[in-house]
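In: predicted structure and sequence below. I'll ask about it afterward.
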Amino acid sequence: MGCKGMQRKTALTDLKQRSEDDWLIGYNSQEFFVLAERVLEELRSHPQPATALTILLAERDPLTFLAHFIAACAANCCIVLANPDWVPAEWDQVFELVQPDLIRGEVAKAEGRRRREAGKAGEAGKVTQNSLATRRKALLKTSPTEMLRVSGMPKAAHNSKLRTPYTLHSTPHILIPTGGTSGNIRFAIHTWETLMASVGGFCQYFEVKRVNSFCVLPLYHVSGLMQFLRSFTTGGQLVVLPFKAVERGDRSSINPEDFFLSLVPTQLQRLLNQEGAKEQTAKTQRTDEASSTQRFFPTFDSRFPILNASIAWLSRFHTVFLGGAPAWSDLLEQARHHHIRLAPTYGMTETASQIATLKPDDFLKGHTNAGQVLPHAQITIRDPDGNILAPHQIGNITIQAKSLAWKYYPGSPGDRDRLIATLTPSPTHMLFPRQISCSGGLGELGPQKAGSRGEVPRTQSLDEAEIFAHYHPQREEKEFQPDDLGFFDSNGYLHIIGRYSDKMITGGENVFPAEVEAAIRSTGLVQDICVIGVSDRHWGQAITAVHVPLHASSTIAALQAALEDKLSKFKHPKYWVAVAQLPRNAQGKVNRLEVEAIANAHASTVPTID
């Protein structure tokens, strides 16, 4: 098994081919296959086999999550991935958008019951959670009929008269959550084919047949999900560990030289700056010395932390992908100093992860960019009129890719991000019905009260928000224009400037946050930084630095002085707001809406810098 011919395979084919493999390191692989087969049997025994089931998947346990996911793919279901850590207001958004037939995950079930009970009695329901191991064992022993009963499906879902039937999909549909610019939850709709196109392009670009992955990122997120799919569909192995466990030193018994690791910048920073236990460092170095493949460990440099166990471990990986958020120059220099085979990437949920990546050898030679485009994708740089720009000219990034999602659900025409399909299918090929369904998929949003908690604004008609259901080879050349600005250099390497919507206009001058943030980080006086523009009657927008000071001496005066020779005067922050930490999600991305609220709350009380 490998990458060749991947797009002709199905999830069911992979499930059968790997049934005897011990591929899930740290878990019982046979338990995974037994559970997957039981779930597949359950899905096939549904009372309406001609109807595509919608499954809300929010399992915390990796084995249970993966077994349910691959079984649902094999059954050609509509799979809605969810973050178990969403707060009630976010769950309210999800349940307004999705009326699932089956709910997987104790938190999601509890939220579903809370909503039903709140509707009946005005109270939130409570649930007692069993241990993950106990729940898995119970599922293995449960009959398909009983599994339907205990799945968390609303009672109305069993009533066929209340369902809005639609044709069973010829391929599974995977709804992956992605944050919109409005801050509301929305999903990018992928199919098995778009995800496999991403896997195929990855294998071709890195010239590998089997992919071994070490996953510390959430499986419900595209960054974690694609690591599973690369390994499972190519015959590779997979390690799934929480990042906190890795920080504690739990790093499995695998040989890192055979594995790909994916991190976000804040995770890399924490590992590089971690205090390493001397005993573990010595043990790791002795292992390296005994290995047939020697790694180069550089001499001491006072600018960087001394070699610790985490650094020694990171430097042994085949490749360490870095994505999810912009990386700052000092972080990249530190990784290069320690000879970590870093591979900065450019990609997103809509493209099923990376579509451009800087290869490790190029990174170690001193390149600092997003690398070259993977073979399953095409990127062009365009001006506002759509004309393709020459190398070194900054413009809008425009993407064509076989891995591109069909569209968003729900759609938001006001967003800068745009998914544009070049072929419109007939109405019978639409994935979701126009009416509200009690349980059969995604329906039209009902009226919302303005300003209500968990509000999902109705910004367009359902026709505009619907997703194309079937995979058409002639639709491979879809076009997607994210909110990103960049340019290609003369060697074909992609450089990312920043998001267009983040651009600040202060005193008539255009300023991008990434440049200001990089300059502030380079002072060595902050632990974390986010720069935004707040409304100002004099400047139009006043540049505001919301930062986490490194120590007590990181005063505003010290920061101002350190920036004198790093930035033009008009790019200097007018406001400085010190906080204990910045609001970041599990992928390391800053929640800019929360930062904006923090900045606005302080703007009237924090001194302005002229």
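Out: On my side now, so go ahead. Values in this document were obtained by computation on a predicted structure and should not be read as measured data.
In: list the contacts for Gly105?
Out: Leu56, Leu57, Ala58, Glu59, Arg60, Ala82, Pro84 (C-beta atoms under 8 Å, 6 or more residues apart in numbering). The C-beta positions use only the backbone N, C-alpha and C, and glycine is treated the same way.
In: which residues sit against stretch 372-388?
Out: With contact meaning C-beta under 8 Å, 6+ apart, stretch 372-388 is reached by 197-198, 200-202, 204-205, 351, 354-359, 389, 393-403, 481, 486-488, 492-494.
In: now swap in stretch 529-537 and tell me
Out: With contacts defined as C-beta under 8 Å, 6+ apart, stretch 529-537 is touched by 502, 504-506, 511, 513, 516-517, 520-521, 541-548, 573-575, 582, 590, 592, 595-596, 599-600, 603.
In: out of those, which are inside strands?
Out: In strands, defined here by DSSP state E, the members of these are 504-506, 511, 541-548, 575.
In: which residues of the stretch 201-350 of the chain fall in helices?
Out: For the stretch 201-350 of the chain, the helices defined by DSSP state H, counting those that start in this stretch cover 222-234, 243-248, 265-272, 278-290, 309-314, 329-337.
In: out of the ones in strands among the contacts of stretch 529-537, which end up buried?
Out: Buried by 16 or more other C-beta atoms under 10 Å: Met504, Thr506, Val511, Gln541, Ala542, Ile543, Thr544, Ala545, Val546, His547, Tyr575, out of the ones in strands among the contacts of stretch 529-537.
In: I'd like to know how far the first one sits from Thr523.
Out: Counting by C-beta to C-beta, to the nearest Å, the gap between Met504 and Thr523 amounts to 20 Å.
In: tally of neighbours for the closest residue to Met504 other than its chain neighbours?
Out: Closest residue to Met504 in three dimensions, ignoring its sequence neighbours and counting by C-beta to C-beta, 6 or more residues apart in numbering: Gly533, at 3.5 Å. By the criterion of other C-beta atoms under 10 Å, Gly533 has 21 neighbours.
In: for Arg341, which non-adjacent residue is spatially closest?
Out: Pro360 (3.6 Å).
In: can you list the low-confidence ranges for the chain?
Out: Residue ranges of the chain with pLDDT under 70: 1-9, 48-51, 119-169, 179-183, 275-307, 412-477, 587, 603-610.
In: which residues touch Leu241?
Out: Listed by C-beta under 8 Å, 6+ apart, the contact set of Leu241 reads Gly26, Phe214, Cys215, Val216, Asp250, Arg251, Ser252.
In: nope, Lys402 is what I meant
Out: Residues near Lys402 by C-beta under 8 Å, 6+ apart: Glu193, Thr194, Ala197, Gly201, His376, Ala377, Glu476.
In: now, the contacts of Leu241 that are in strands?
Out: Among the contacts of Leu241, the members falling in strands (DSSP E) are Phe214, Cys215.
In: ok, the contacts of Leu241 vs Phe232, which is closest?
Out: Nearest to Phe232 among the contacts of Leu241 is Cys215, at 11.4 Å by C-beta to C-beta.
In: who does the closest one bridge with?
Out: Beta-bridge partners recorded for Cys215 (DSSP bridges): Val240.
In: what's the spacing between it and Leu66?
Out: Counting by C-beta to C-beta, the gap from Cys215 to Leu66 is 10 Å.
In: give me the common contacts of those two.
Out: Joint contacts of Cys215 and Leu66 (C-beta under 8 Å, 6+ apart) are Phe228.
In: who wins for proximity to Phe95 among the helices of the stretch 201-350 of the chain?
Out: helix 222-234 (21.9 Å).
In: and the closest one, what does it pack against?
Out: helix 62-74, strand 173-179, helix 192-206, strand 213-215, strand 238-240, strand 260-263, strand 353-357 (3 or more C-beta pairs under 8 Å, 6 or more residues apart in numbering; DSSP states H and E).
In: please name every helix or strand in contact with the last one.
Out: Where contact means 3+ C-beta pairs under 8 Å, 6+ apart, strand 353-357 is packed against helix 192-206, helix 222-234, strand 342-348, strand 372-373, strand 377-382.
In: reformat these as JSON lines; add distance to Asp528 and mean neighbour count.
Out: Shown next, in JSON lines, are the helices and strands packed on strand 353-357 (distance: least, C-beta to C-beta, whole Å; neighbours: other C-beta atoms under 10 Å):
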{"stretch": "helix 192-206", "distance to Asp528": "31", "mean neighbour count": "23"}
{"stretch": "helix 222-234", "distance to Asp528": "20", "mean neighbour count": "26"}
{"stretch": "strand 342-348", "distance to Asp528": "19", "mean neighbour count": "24"}
{"stretch": "strand 372-373", "distance to Asp528": "30", "mean neighbour count": "20"}
{"stretch": "strand 377-382", "distance to Asp528": "30", "mean neighbour count": "19"}
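In: for those, which one sits closest to Ala11?
Out: Ala11 sits nearest to helix 192-206 of all the helices and strands packed on strand 353-357, at 6.1 Å, using C-beta to C-beta.
In: what is the distance between the closest one and the centre of its chain?
Out: The chain centre lies 17 Å from the centre of helix 192-206; the measure is C-alpha atoms, centre = their mean, to the nearest Å.
In: and for stretch 73-92?
Out: Its chain's C-alpha centre and that of stretch 73-92 lie 14 Å apart, by C-alpha atoms, centre = their mean.
In: for it, buried residues please.
Out: By neighbour count with 16+ other C-beta under 10 Å, stretch 73-92 contains the buried residues 73-84, 86, 90-92.
In: about what we covered before: farthest pair within the ones in strands among the contacts of stretch 529-537?
Out: Within the ones in strands among the contacts of stretch 529-537, two members stand farthest from each other by C-beta to C-beta: Ile505 and Val548, at 26.5 Å.
In: circling back: so which of the contacts of Leu241 comes closest to Arg186?
Out: Cys215 (24.3 Å).
In: which residues are in contact with that closest one?
Out: Gly224, Gln227, Phe228, Leu238, Val239, Val240, Leu241, Ser262.
In: hmm, 7 Å instead?
Out: With contacts defined as C-beta atoms under 7 Å, 6 or more residues apart in numbering, Cys215 is in contact with Gly224, Gln227, Phe228, Leu238, Val239, Val240.
In: stretch 533-549 spans what distance, first to last residue?
Out: 20 Å (C-alpha to C-alpha, to the nearest Å).
In: same thing with stretch 46-57?
Out: 17 Å.
In: same thing with stretch 66-83?
Out: End-to-end distance of stretch 66-83 (C-alpha to C-alpha): 14 Å.
In: show me where the stretch 501-610 of the chain has its helices.
Out: For the stretch 501-610 of the chain, the helices defined by DSSP H, counting those that start in this stretch occupy 513-521, 556-563, 592-603.
In: can you check the stretch 351-500 of the chain too?
Out: Here the stretch 351-500 of the chain has its helices, by DSSP H, counting those that start in this stretch, at 360-364, 462-465.
In: export the first one as PDB, just CAs?
Out: These are the backbone C-alpha positions of helix 360-364, laid out as PDB (Å, rounded to 0.1, in the frame of the first residue of the first chain):
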ATOM      1  CA  PRO A 360      13.800  21.000   5.300                       C
ATOM      2  CA  ASP A 361      17.000  21.100   3.300                       C
ATOM      3  CA  ASP A 362      16.000  24.500   1.900                       C
ATOM      4  CA  PHE A 363      15.200  25.700   5.400                       C
ATOM      5  CA  LEU A 364      18.500  24.600   6.800                       C
END
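In: please state the offset of it from the chain centre?
Out: On C-alpha atoms, centre = their mean, the centre of helix 360-364 falls 24 Å from that of its chain.
In: packing partners of that helix?
Out: Applying 3 or more C-beta pairs under 7 Å, 6 or more residues apart in numbering; DSSP states H and E, we find helix 360-364 packed against strand 342-348.
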